[in-house]
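S.K.: sequence first, then the predicted structure:
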Amino acid sequence: MTKPLNGIKIIDFTHVQAGPACTQMLAWFGADVIKVERPGSGDVTRSQLRDIPNVDALYFTMLNSNKRSLTLDTKNQAGKEVLEKLIKVSDVMVENFGPGALDRMGFTWERIQELNPKMILASVKGFSDGHHYEDLKVYENVAQCAGGAASTTGWWKGEHSEPTISSAALGDSNTGMHLAIGILTAIIGRQQTGKGQKVAVSMQDSVLNLCRVKMRDQQRLDRLGYLEEYPQFPHEKFTDVVPRGGNAGGGGQPGWILKCKGHETDPNAYIYFTVQGHAWEPICDALGKPEWKTDPAYTTPKARQPHIMDIFATIENWLKDKTKYEAVDILRKFDIPCAPVLSMKELLNDESLRKSGSIVEVQHKERGSYFTVGSPIKFSDLKPEITGSPLLGEHSDEVLAELGYTKDQIATMHAMKAV
Ligand code: COA
């Protein structure tokens with residue numbers, strides 16, 4: 001089956017998560033992604049958090065499926081020449097080295113354009129060019145702090161009221177997804193102009209792009225002095241910065257995480273319950289509270305907000321004898337937006353996710369089979385087939401032969417430790 005990105009050759013000069021997540025997705029959609037790694041060690045995630053001795057860690061295998069691996073010491077002259085050849089025949093080069101590393105290697109944007117004017121150079125950095133922190137190296141949680149996620153996540157009072165990190169990779173994989181959109185846009189742009197271009201995405205900007213509702217709230221707070229949908233309203237004081245809102249809904253619909261049967265022993269026996277304004281009457285029916293339908297203290301969102309936590313407490317009382325699944329099965333009949341809090345174990349075993357290809361089982365030469373995420377994007381005419389990640393240097397000789405190197409030349413490069 002041909003895939004939309006067949007024929008697009010990508011030099012995947014990425015490591016850790018942000019860059020690899022981007023190139024993995026492009027590989028799923030048909031691009032030929034050649035992962036360039038340092039001989040001997042490769043991407044650091046191959047050996048980080050290993051669960052099987054001497055076998056590529058899941059950290060690596062889950063971010064590098066459908067790729068080929070070429071080892072190359074790009075600080076060695078022979079290695080540099082291979083990269084130059086590769087640049088000449090490729091469409092895209094993706095990198096997420098620390099600031100200035102690619103330039104120090106001798107591959108400035110000017111040099112890359114000289115080698116191939118059609119090349120698209122796609123980069124992830126912690127901060128954008130010219131930013132006063134542009135020299136900083138950045139990992140996930142640093143980006144979550146710099147992009148507004150940490151200051152607006154978590155609790156605003158109590159023992160654990162410090163800024164909080166989300167386990168979702170807002171800084172890493174999210175930046176990779178932004179980069180993928182940038183690359184595809186540049187490919188379409190190149191069809192019009194015949195020229196490549198530089199695409200840059202910073203982790204700070206990518207986190208901020210997902211935190212835009214908090215920037216909305218800062219401007220509302222500046223104007224009004226309060227935020228009516230936050231749990232602090234109306235009984236607590238607001239300062240001049242957007243506070244952390246616990247588990248409140250971020251939009252116009254109040255919501256909260258509520259305990260269900262078994263929460264004393266199961267850390268995930270909870271549901272998220274949303275009080276959608278126009279669904280108030282069905283909520284009253286579902287909870288067996290028909291009197292709330294006409295009581296002026298309940299009929300409008302404004303009337304409910306001052307005692308929304310009491311309303312949630314009443315719902316929790318209703319949930320006491322229901323598991324999270326039973327509760328959702330009842331509430332869905334009333335069209336109430338809700339979901340069980342699902343653990344990773346439950347997700348890994350979720351039949352629907354397996355059926356849709358969102359979680360797939362793949363084979364790895366040394367590991368055997370493992371589970372990984374499949375494409376979250378579904379197409380009517382494309383079914384991404386997820387394959388295992390490559391071993392370090394598994395495709396070095398194959399790629400070098402494609403670039404025109406003879407067997408003897410390849411052997412010499414191995415002897416010189418250039419590959
Ligand atoms: N051959 C030879 N040298 C190589 C090489 C190869 N195949 N691949 C990498 N290197 C070199 C680089 O040229 C660089 O050398 P230099 O600093 O002497 O010029 C060196 O390896 C280190 O690269 P760097 O990217 O700075 O690695 P690091 O481990 O010190 O930092 C990060 C890791 C992730 C903090 C840093 O890469 C970074 O800030 N990246 C941008 C933001 C990002 O993507 N963060 C991670 C999100 S998951």
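M.R.: The structure has been received and is ready for your questions.

S.K.: what are the boundaries of the strands in the chain?
M.R.: 9-13, 32-37, 68-71, 92-95, 120-125, 198-202, 255-259, 270-274, 338-340, 359-364, 368-373 (DSSP state E).

S.K.: given the last one, what are its sheet partners and their directions?
M.R.: Just to be clear, that refers to strand 368-373. Applying DSSP bridges, strand 368-373 is found paired with strand 359-364 (antiparallel).

S.K.: and what of the second one?
M.R.: In the sheet containing strand 32-37, its partner strands are strand 9-13 (parallel), strand 68-71 (parallel), by DSSP bridges.

S.K.: the shortest one now?
M.R.: Looking at strand 338-340 with DSSP bridges, its paired strands and their directions are strand 270-274 (antiparallel).

S.K.: which bits of the stretch 151-300 of the chain sit near the ligand?
M.R.: Proximity of the stretch 151-300 of the chain to the ligand (CB under 6 Å from any ligand atom) is limited to residues Asp172. (C-beta placed from N, C-alpha, C; glycine too.)

S.K.: mind checking how far the nearest residue to Ala286 once chain neighbours are set aside is from Arg111?
M.R.: Once flanking residues are discounted, Ala286 sits nearest to Phe334: 4.2 Å by CB to CB, 6 or more residues apart in numbering. Going from Phe334 to Arg111 by CB to CB, to the nearest Å gives 63 Å.

S.K.: check Gln305 too.
M.R.: Distance, Gln305 to Arg111, by CB to CB: 59 Å.

S.K.: who has more neighbours, these two?
M.R.: The neighbour comparison of Gln305 against Arg111 (other CB atoms under 10 Å) goes to Gln305, with 18 against 14.

S.K.: give the contact list for that one.
M.R.: Residues in contact with Gln305 (CB atoms under 8 Å, 6 or more residues apart in numbering) are Glu228, Glu229, Phe233, Pro234, Pro254.

S.K.: filter these down to the buried ones, ChimeraX style.
M.R.: Per 16 or more other CB atoms under 10 Å, the buried members of the contacts of Gln305 correspond to this ChimeraX selection:
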select :229,233,254
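
S.K.: is the ligand contacted by stretch 137-149?
M.R.: Yes - contact of stretch 137-149 with the ligand (CB under 6 Å from any ligand atom) involves Lys137, Val138, Tyr139.

S.K.: what about the second one, neighbour count?
M.R.: The reference is to Val138. 24.

S.K.: again with Val36
M.R.: For Val36, using other CB under 10 Å, the count is 25.

S.K.: try Gly196
M.R.: Gly196: 22 neighbours (other CB under 10 Å).

S.K.: try Glu346
M.R.: Glu346: 14 neighbours (other CB under 10 Å).

S.K.: identify the residue of the stretch 1-150 of the chain closest to the ligand, quick one.
M.R.: Taking CB to the nearest ligand atom, the ligand has its nearest neighbour within the stretch 1-150 of the chain at Gly98, 2.7 Å off.

S.K.: quick one: contacts for that residue?
M.R.: Listed by CB under 8 Å, 6+ apart, the contact partners of Gly98 are Lys137.

S.K.: that one and Val207, how far apart?
M.R.: Applying CB to CB to Gly98 and Val207 gives a distance of 19 Å.

S.K.: equivalent analysis for Met105, please.
M.R.: From Met105 to Val207 the distance is 28 Å (CB to CB).
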